[in-house]
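# Need a 3D model of the sequence below.
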Amino acid sequence: MTQDQQPAAREADAIAEQYVADVAAADPVLATFAGIAGHEAELPDYTPDGYAARTELLRRARAAMASATPSDDRERAARSSFLERADVGLAQDDAHTAQSRISVVESAAHEIRGAFDLMATETEEDWSAISARLGAVPQALADYRATLLEEAGHGHVSARRQMLEAAKQINSWTGRSGSAGDIFAQLVAQAGEVPASLGSDLARNAVLASTAYAEFATFLEQDLAPVGRDKEAVGREQYTRDSRYFLGTEIDLDETYAWGWEELHRIETEMLAISAQLAGDGASIKDAVAHIESDPARAIEGKERFREWMQDLADRTLAEMADTHFDIPEPIRRIECRIAPTQDGGIYYTPPSEDFTRPGRMWWSIPDGVTTFHPWREVSTVYHEGVPGHHLQCAQAAYRSDVLNRWQRSLCWVSGHGEGWALYAERLMDELGYLEDPATKLGMLDGQGFRAARVVVDIGMHLELEIPRDNPFGFHPGERWTGELGLEFMRQHVRSDDATIVFEVNRYLGWPAQAPSYKVGERIWLQAREEVKARQGSAFDLKEFHRAALDLGSLGLDPMREALARI
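Numbers count the residues shown, from 1 in each chain. Down below sits the predicted model:
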């Protein structure tokens, strides 16, 4: 090969790869979530200087990427994605979001705790890393406390109620409340046969971590909450910024709010038709749910039996999807279903490690006291979290080192793209004939309606919008949204236990614009598919569309549309 024939240097990819190495060293918790090895025993610097250093890393990488020249369409998409994520990330940093936000789902305290769920526990070296990280928790939380107080002194502070709710969660993690016990003690109890000195270190450091968390909860209650905001609604300016961060595109919030009402009404109208099939003419959705759940054969008792049901369905679906509807590489034909150690409520997915020694995992955080489960409403949830949802999307991106750089494979995540795909995947399974049982179809629509309802509630509460006077449900026409009305609305439109509904509304109030990203993302995925289909005509192939779309990795919805326009 002559010099003129040498492949072009992949400058943009190299910048992205270097950023991964730099940010993994600066944020070991992020490295653990991303499955990047080498930082297991460490925790980030949560001082103001630590946050500033990570922002500067991103700023420098963004400047370098802006000057890079991509060598082909693949690298052009990677560069566009990196710049979009850097811009919205820097906007959040400039607004002091990460440094100051405390909510029931988002804070450094939540990140640190969650990292322990993903750490390996097979070897003595693994347990040594866990012990060292547990021992580092007190200093990390002390540094974080100092940062929160400094931010509060400059007016960057979360809502008081979110702080108090987060403190309740933390007290349940440490066994100070609830029935779950101390999760740090439970973690080290799994160590089994390790040297006596390591066992002693694990036990001591677990106590130190638990004590530090209990003190942090007290700090939230007694020191930070008194200076917290009275109002949880964040207003249009912050909400617009947060929405752009979660979607990777800018939407018309008022149009989306109106669409949310229409979409919820459309979904519930379809649910009523299926309810009549299940429970007879004139049956309400509530009647149909009661009919389904009165059948003992449709219930599962006990968390472990429910986990086994999830695992079996996830495994069967993965096997049936592979080589038929999707190309699924062998290394990702494995998913683990787990019950989370917390009782906060919520369902989530964590991707595999870079080397796939840690598989992709579906987690269920089950509220205290919930022991009976109804699979009819969770079939599509398994599709959402597993295949063809998050597991296919995230694990396949992790595998495709031939078309994605390391940043795209391990660090890039856009909620509107990822959650939109997973919700699209639920609908796709209906299109492919996997929801022929009217009960499971009702369950899928119930989930869709749930996501539509939170478009209405999330935007409505944070922008304090007027409830339409002609809304199709006759719900408090003409009043302004409040948290209390949000909870009332969700209770009317969500078929779930009350603890989960309460957690969900708390989540929306503390994590603005994230909840609508599911349904808005699905809307844009469906639009993108139709645009490609219209352009390709009779040559359109659904399997090929999915392959090309997933090969882009996670990216903002604007860069996604740009990239799909080229296929």
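# Quick check: Gly369 is in a strand.
No. Read with DSSP: H, G, I helix; E, B strand; the rest coil, Gly369 is coil and lies in no strand.
# Next up, phi/psi of it, please.
With angles defined as degrees, to the nearest 10, Gly369 sits at phi 100, psi -10.
# That one contacts Ala499, correct?
Yes. Gly369 lies in contact with Ala499 (Cβ atoms under 8 Å); the separation is 7.4 Å. For every residue, glycine as well, the C-beta is placed using N, CA and C.
# between those two, who's got more neighbours?
A count of neighbours by other Cβ atoms under 10 Å puts Ala499 above the other of Gly369 and Ala499, at 16 against 10.
# Now do the helices in the stretch 51-200 of the chain.
All helices of the stretch 51-200 of the chain, identified by DSSP state H, counting those that start in this stretch, fall at 73-94, 97-100, 108-117, 124-153, 160-173, 183-188, 196-219.
# just these: most buried one?
For the helices of the stretch 51-200 of the chain, the largest average neighbour count (mean count of other Cβ atoms under 10 Å) is found in helix 160-173, namely a mean of 22.
# So which elements touch it?
In terms of contacts (3 or more Cβ pairs under 8 Å, 6 or more residues apart in numbering; DSSP states H and E), helix 160-173 is packed against helix 108-117, helix 196-219, helix 498-510.
# again, 7 Å this time
helix 196-219, helix 498-510 (3 or more Cβ pairs under 7 Å, 6 or more residues apart in numbering; DSSP states H and E).
# Contacts for stretch 343-356 next, please.
For stretch 343-356, the external contacting residues (Cβ atoms under 7 Å, 6 or more residues apart in numbering) are 33, 35-36, 118, 169, 172, 178, 180, 331, 358-368, 381, 385, 390-391, 394-395, 398, 410, 499-500, 503.
# re the thing from before, closest to Leu445 out of the helices of the stretch 51-200 of the chain?
Among those, the nearest to Leu445 by Cβ to Cβ is helix 160-173 (30.1 Å).
# possible to save the helices and strands packed on helix 160-173 as JSON lines with mean pLDDT?
Formatted as JSON lines, the helices and strands packed on helix 160-173 follow (pLDDT from 0 to 100):
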{"stretch": "helix 196-219", "mean pLDDT": "98"}
{"stretch": "helix 498-510", "mean pLDDT": "93"}
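# Is it possible to get CSV of those helices that adds distance to Arg480?
Output for those, formatted as CSV (distance: least, Cβ to Cβ, whole Å):
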stretch, distance to Arg480
helix 196-219, 33
helix 498-510, 15
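# residues touching Ala515, list them.
Taking Cβ under 7 Å, 6+ apart, one finds Arg454, Asp458, Arg507, Tyr508 in contact with Ala515.
# Report pLDDT for it.
Looking at Ala515, its pLDDT reads 97.
# hang on, it is in a helix, isn't it?
No. When classified by three-state DSSP, Ala515 is found to be coil rather than part of a helix.
# Arg409 and Ala397 touch, don't they?
Yes. Counting by Cβ atoms under 7 Å, Arg409 does reach Ala397; the two are 5.5 Å apart.
# got any residues that touch both of the two?
Common neighbours of Arg409 and Ala397 (Cβ under 7 Å, 6+ apart) are Gly553.
# wait, isn't Pro388 in contact with Phe326?
Yes. Pro388 lies in contact with Phe326 (Cβ under 7 Å); the separation is 6.1 Å.
# Which one of those two is surrounded by more residues?
Taking neighbours as other Cβ under 10 Å, Pro388 and Phe326 compare with Pro388 leading, 27 against 16.
# Tell me the spacing between that one and Gly418.
Noted for Pro388: a distance of 13 Å to Gly418, by Cβ to Cβ, to the nearest Å.
# Now for Pro483, how many residues are close by?
Rather than Pro, residue 483 is Gly. Neighbours of Gly483 using other Cβ under 10 Å come to 18.
# Now do the contacts for it.
Contacts for Gly483 (Cβ under 7 Å, 6+ apart) come out as Glu232, Met461, Val505, Leu509.
# Ok, which of the helices and strands packed on helix 160-173 comes nearest Asp87?
Short answer: helix 498-510, nearest of the helices and strands packed on helix 160-173 by Cβ to Cβ, at 24.2 Å.
# quick check, distance from that closest one to the centre of its chain.
Offset of helix 498-510 from its chain centre (Cα atoms, centre = their mean, to the nearest Å): 15 Å.
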